[in-house]
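Undergrad: just need the structure, nothing else, for what follows:
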Amino acid sequence: MIYSQFGLAIHQNDNQARRRFVEWAQNEIAVVPDFHKRILFSDEAHFWLNGYVNKQNCRIWSEANPQVYFETPLHPEKLTVWCALWAGGIIGPYFFKNDEGHNVTVNGDRYRAMITNLFIPELNNHDVQELWFQQDGATCHTARATIDLLKDTFGDRLISRFGPVNWPPRSCDLTPLDYFLWGYVKSLVYADKPQTLDHLEDNIRRVIADIRPQMLEKVIENWTSRLDYIRASRGSHMPEIIFKCNATRLSFE
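TA: Residues are numbered from 1 along each chain as shown. Here you go, the predicted structure:
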């Protein structure tokens with residue numbers, strides 16, 4: 001069965017990779033019951049000033065091409081935002097900007113600069129020896145220099161393509177930022193119709209800062225339920241209805 005992720009085909013080997021990861025994670029939890037609370041999940045998202053929804057953070061799963069079309073702004077104004085989320089809180093948001101302070105998208109050099117200048121210093125407030133770090137397989141994340149930089153901090157506790165533990169591709173349903181954070185933040189930051197990127201950035205900072213620890217605990221506990229579902233379904237992606245219901249329930253409880 002081939003699914004479509006806005007035109008990006010789900011490969012036939014994806015289910016096998018997802019099963020292997022889920023089995024590994026559940027084995028870790030069996031040994032260390034709070035293992036899932038020690039993973040720093042990370043991701044980026046685009047926030048468009050006009051509220052346009054970035055298809056990279058909104059998925060439709062279908063047995064056939066869903067034939068969905070999206071209107072793209074002619075002169076898009078957007079912020080590219082990175083966060084790391086775990087049971088203990090959120091690191092970020094980090095807004096990618098160039099040396100002149102202009103908003104830019106992420107590439108390998110900018111990603112490594114963020115890791116060096118923001119992420120690693122923030123980790124000084126935590127016991128790094130107890131934490132794992134997860135990132136998806138985006139090219140900007142997986143250059144050899146980036147993997148080496150992360151290994152210097154986390155050693156074998158790195159979940160990533162080309163890392164000690166492989167992150168299964170096309171697994172947004174296993175990333176708390178995709179199944180919770182970005183949707184939750186986007187549901188709130190446009191309420192007062194920001195007219196400038198600075199205003200939108202302020203809204204993003206405020207909404208993320210207001211997320212309570214109890215909500216994050218529920219998000220991470222939900223991750224273990226997703227492991228159960230994916231193992232029982234032999235690696236299948238979660239149905240869209242479950243994706244939507246979980247995101248909504250977790251956001252507003």
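Undergrad: ok, and the closest non-adjacent residue to residue 143?
TA: Spatial nearest neighbour of residue 143, excluding adjacent residues (C-beta to C-beta, 6 or more residues apart in numbering): residue 108 at 4.7 Å. Where C-beta positions appear, they are placed from N, C-alpha and C, glycine not excepted.
Undergrad: and residue 96, by the same measure?
TA: Closest to residue 96 by C-beta to C-beta, 6+ apart is residue 80, at 4.5 Å.
Undergrad: CA atoms only: put the one helix or strand that neighbour maps to into CSV for me.
TA: According to DSSP states H and E, residue 80 maps onto strand 78-86. Output of strand 78-86 as CSV, limited to C-alpha atoms (Å, rounded to 0.1, in the frame of the first residue of the first chain):
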residue,chain,number,x,y,z
LYS,A,78,7.8,34.0,6.8
LEU,A,79,9.8,32.9,9.8
THR,A,80,11.8,29.7,10.1
VAL,A,81,11.6,28.5,13.7
TRP,A,82,13.4,25.7,15.5
CYS,A,83,12.5,24.1,18.9
ALA,A,84,13.5,21.1,20.9
LEU,A,85,10.7,19.6,23.1
TRP,A,86,11.0,17.1,25.9
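Undergrad: which other helices and strands contact that strand?
TA: strand 39-48, strand 89-95, helix 197-209, helix 213-232 (3 or more C-beta pairs under 8 Å, 6 or more residues apart in numbering; DSSP states H and E).
Undergrad: what lines up beside that strand in the sheet?
TA: Paired neighbours of strand 78-86 in the sheet (DSSP bridges): strand 39-48 (antiparallel), strand 89-95 (antiparallel).
Undergrad: TSV for these, including distance to residue 152 and mean pLDDT?
TA: Below are these laid out as TSV (distance: least, C-beta to C-beta, whole Å; pLDDT from 0 to 100):
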stretch	distance to residue 152	mean pLDDT
strand 39-48	16	96
strand 89-95	18	95
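Undergrad: I am finished for the moment; much appreciated.
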